[in-house]
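In: the following block contains a protein sequence and its predicted model.
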Amino acid sequence: MRLVVDLNRCQGYAQCAFLAPDVFTMHGDEALMYDPQADDSQREHVRRAADACPVKAITLDYADLDGAAEAGGSRDD
Amino acid sequence: MTIDGYLEAFRREGRIVVVGASLAGLRAAEALRAEGFAGTLTLVGDEPHEPYDRPPLSKQVLLGKVPADHTRLPRVRPVDAQWRLGSAATGLDLAAKRVRLADGDVLDYDRLLITTGVRARPWPQELEAELDGVFVLRTQDDAVQLHHRLAAGPRRVLVIGAGFTGSEIASACRERDVPVTVAERGAAPLVGALGGVVGEVAAELQRAHGVDLRCGVQVTGLEGDSAGRVRTAHFSDGTAVACDVVVVALGATRNTEWLADSGLGAGPRGIACDAGCRAFDVRGIVTDDVFVAGDVARSPHPLFGYQFLSLEHWGNAVAQAEVAAHNMVSASAERRPHLWMPSFWSAQFGVNIKSVGVPPMADQIMVTQGSLAEQRFTAAYGFQGRVIAAVTFDQAKWLDFYERQIERAASFPPEFTTVDRRPEGRQPVAADFPDPSQPSHGPTVTLSGYSPTDRRVSFTPRRA
C-alpha cells in the first residue's frame, strides 16, 4: 500500500509511530521517517495511524481507504 | 457560442494536456477530475516511472530503509488519464495549441498545464561529469545508483554543495558510517537558504557528526584513473581529497528549454504566471489557455511585495496544482489566487529543520526561543521592520504561530514575549545572507523581481 506524509503539516505528535511502528518511526527527537510503500499486512495499522494524526498529515491511496475494496482495490490508471 | 457556453462544453468534452507527471502534475490531474472535468486528460512525463515522491530519495532511500522504487505517490482519486510516460515534451506551438513529444507525436489541447519542474544542475565539466562515480540526486534512477554505491562501502564520498540536498546526503553517509567530505563555496552549509547565523549551527552539526566540512572553497577539478573512475577532487585552496564517489548537489535548473521558441515567458528562472497560475507570454500578456504549477512556476506574492517568487517546495507543488486545476475549469469570477505561505522541511543529522516565509529576503534575525548552541531553537527573520520568515531546529510546534505573524506583517523585532527566551534572543543581529549574485547551492525559495519575462539570469560556475 502507498502513503505519503505532508511533513510541512507534521508536528511530531508521533501518534502514527505508536499505532504503526513498523511503518512510522521517529528519527531524532522530532523528524518522522516512514515507509511510503508499506506492506499490505499493515493496512489496518496505517489506517488507524492516519485517522489518529492530530494534523491529518497522512494521505493514503483511495484504494486503501475505509470502505474501499479490500485486497488492494483496483486501479485502471 | 457564448463564453459561458464554451466553458460548459470544455468541461464536458475539452482536451487538457498536463506536461510534467510528478507531484504537481498528478495532483492537478486528480483535482481536475474532482472539479468535474469530464473531457480528455493526457499526462506527459519524461521519466518512464509513474509519479513518485522525491523527498524520501535523499533520506530513507539513501539510508537503505526503503527501496528507491517504493516511493510511488498514493492516488487521491482515479484520474482516468492517458499516460505518455518516458517521452519528454520537446516543443510548444501556442497558436496551433499543440505540444510536440520526443517520440515525434503531437498532442492537441484546449488547455495546457505545465508542471515540468526542475532537474539537478549537472557538473559543468562534461568529461569530468561522465567519470564513473560522479552522481547527481534528483530522480528515482539517480537514487538507485547512488544507494548502490553507498551500500558498497566507498572509501570517501565528496558532496559538492551544502544546500539541503547536499547536507541530507552527507547526513545519510555519516549515518551509514561512510567517510564524507562536503565542499561549499559559501561560508557555511545552508547559508543561501537560511543565512550565516543559522548556517553556523548547520556547520557545527556537520562537524559534530564527523563530516570533513570545507567552506569557502570551490572544487576546481575532478580527476579519474585510467579506467575512468573518479579518484581525486582538487579544491581552489590548493588542497585535494581522494574520493571514489562524488555527488554534485549544486541546486536545480528549471525545465524550460523545450519552451525556448514558444513565445512563453519562460527562462532559467522558470515560467512566469499570474496569481491565478496563467502563464505570461514574452510580451508580458497573460495567456488564456496555458497554466503553470509547481517548481517550474514563478508567481507574484502579495506578502512579499508582489515580486515573482520561485519555490522548489513540496507543499507549493500540491497547493499550486490544486489552484491551477480549479482555475482551468472555472469562469474568471470563480477563480482563486495561489497565495501559499512558503514552507519546507529537512531532516539531517537527527535534527528536524522547518521554515516558513522567505528567509533570504531578511536583513535581520533574532533567536526568539531556545538556543543556537543547543541546536534547538526558533529564529524569526525580519525585513524592514516586519517578520518575514521563521526557522525552527527541532521546535516545529511553534512554527504555526510565526506563520500567523508573517501573514499579519507583525513588527520586527517581535514585541511578544516567548517561552524559553535566552540572552541571545534579546537583540536582533544581521541575518548574514550571501550576495545573491554569487550563487552557491542556492536557496529553494527565491524572489526573482517584477519582470514576467526575465531571461537574463544564468548560472556560470567560476573556473579556477
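Out: Structure's in. What do you need?
In: any residues of chain B in contact with chain A? List them.
Out: Counting by CB under 8 Å from any CB of the partner chain, the residues of chain B lying close to chain A are B:53, B:55-56, B:59-60, B:65-67, B:70-81, B:83, B:314-315, B:318, B:343-345, B:347, B:350-352, B:354, B:394-397. (Glycine included, C-beta is placed from N, CA and C.)
In: buried among those residues? Need that as a selection in ChimeraX.
Out: To isolate the buried ones among these in ChimeraX, judged by 16 or more other CB atoms under 10 Å in any protein chain shown, type:
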select /B:53,55,56,59,60,66,70,71,72,73,74,75,76,79,81,83,314,315,318,343,344,345,347,350,351,352,354,394,395,396
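In: looking at the residues of chain B next to chain A, which are in strands?
Out: B:83, B:343, B:344, B:345, B:347, B:351, B:352, B:354 (DSSP state E).
In: pretty sure the fourth one is touching residue B:354, no?
Out: Yes. Counting by CB atoms under 8 Å, a contact exists between residue B:345 and residue B:354, whose distance comes to 4.7 Å.
In: overlap in contacts, the two.
Out: A:8, B:396 (CB atoms under 8 Å, 6 or more residues apart in numbering or on different chains).
In: point to the residue nearest the middle of the chain.
Out: Since no chain was named, I'll use chain A. residue A:46 (4.5 Å; CA atoms, centre = their mean).
In: to clarify, I was referring to chain B.
Out: Closest-to-mean residue, chain B, CA atoms, centre = their mean: residue B:312 / 2.2 Å.
In: quick one: residues contacting the nearest residue to it once chain neighbours are set aside.
Out: Sequence neighbours aside, residue B:444 is the residue nearest to residue B:312 in space, at 4.1 Å (criterion: CB to CB, 6 or more residues apart in numbering or on different chains). Residue B:444 makes contact with B:163, B:164, B:193, B:311, B:312, B:313, B:344, according to CB under 8 Å, 6+ apart.
In: narrow those to those in strands?
Out: B:311, B:344.
In: now name the helix or strand holding residue B:418.
Out: If you go by DSSP states H and E, residue B:418 is not part of any helix or strand.
In: quick one: it from chain A, how far?
Out: According to CB to the nearest CB, to the nearest Å, residue B:418 stands 18 Å off from chain A.
In: wait, that residue sits on residue B:366?
Out: No. Counting by CB under 8 Å, residue B:418 sits too far from residue B:366 to count as a contact (10.2 Å).
In: where in chain B is pLDDT low?
Out: B:1, B:436-443, B:454-464 (pLDDT under 70).
In: domain parsing for it?
Out: Per automatic domain parsing, the domain ranges recorded for chain B read B:3-119+B:253-334, B:126-247, B:343-433.
In: end-to-end on stretch B:257-269?
Out: 11 Å (CA to CA, to the nearest Å).
In: other residues contacting the helix or strand encompassing residue B:5?
Out: In the assignment (DSSP H and E), residue B:5 maps to helix B:3-13. The contact list for helix B:3-13, computed with CB under 8 Å, 6+ apart, reads B:1, B:36, B:37, B:38, B:39, B:40, B:110, B:111, B:329, B:330, B:331.
In: could I get the full set of helices for chain B?
Out: B:3-13, B:23-34, B:126-129, B:140-151, B:164-175, B:191-208, B:314-328, B:399-407 (DSSP state H).
In: helices or strands up against the fourth one?
Out: In this structure, helix B:140-151 makes packing contacts with strand B:134-135, helix B:164-175, strand B:245-248, judged by 3 or more CB pairs under 8 Å, 6 or more residues apart in numbering or on different chains; DSSP states H and E.
In: distance of residue B:230 relative to residue B:142?
Out: Using CB to CB, to the nearest Å, residue B:230 is found at 16 Å from residue B:142.
In: right, I mislabeled it, should have said residue A:35
Out: 20 Å.
In: higher neighbour count, those two?
Out: residue A:35 (22 against 19; other CB atoms under 10 Å in any protein chain shown).
In: and the residue nearest to the more buried one when sequence neighbours are not counted, backbone torsions?
Out: In this structure, residue A:35 finds its nearest non-sequential neighbour in residue A:23, 5.0 Å apart by CB to CB, 6+ apart. Dihedral pair for residue A:23: phi -110, psi -40, per degrees, to the nearest 10.
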